[in-house]
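1. coords below, sequence missing:
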């Protein structure tokens, strides 16, 4: 199933884009390409870091189970208010 997640910087947090990207690049399982996630069971379709706090990150991904989604949200919950919503490609809606 396809999902869209928006990551808004938590009120009172003052992290920089460079700081968030440095954190994104480290950690277990991140391979040579930063687009590849470290959460087994999540297939990242698109990851966009934007120049605003709301949202700071837009993540489009596929997942079949809730566990990996909860792991992803928990991993970034200290820094971001995260909203995950089911999504559908426009081409699928137009069929």
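-> Received it, and whenever you're ready, just let me know what you need. Predicted model, so just to flag it, every value in this text is computed and none were measured.
2. residues touching residue 9, list them.
-> Listed by C-beta atoms under 8 Å, 6 or more residues apart in numbering, the contact partners of residue 9 are 15, 53-54, 56, 79-81. Glycine gets a C-beta too; all of them are placed from N, C-alpha and C.
3. of these, which is the nearest to residue 62?
-> Nearest to residue 62 among the contacts of residue 9: residue 80, at 20.5 Å, using C-beta to C-beta.
4. pull out the buried residues from stretch 39-56.
-> Neighbour-count burial for stretch 39-56 flags 39, 41-42, 44, 47, 55-56 (criterion: 16 or more other C-beta atoms under 10 Å).
5. can you tell me how far the nearest residue to residue 86 once chain neighbours are set aside is from residue 51?
-> Spatial nearest neighbour of residue 86, chain neighbours left out: residue 3 (5.9 Å); criterion: C-beta to C-beta, 6 or more residues apart in numbering. Plainly put, residue 3 is 23 Å away from residue 51 if you go by C-beta to C-beta, to the nearest Å.
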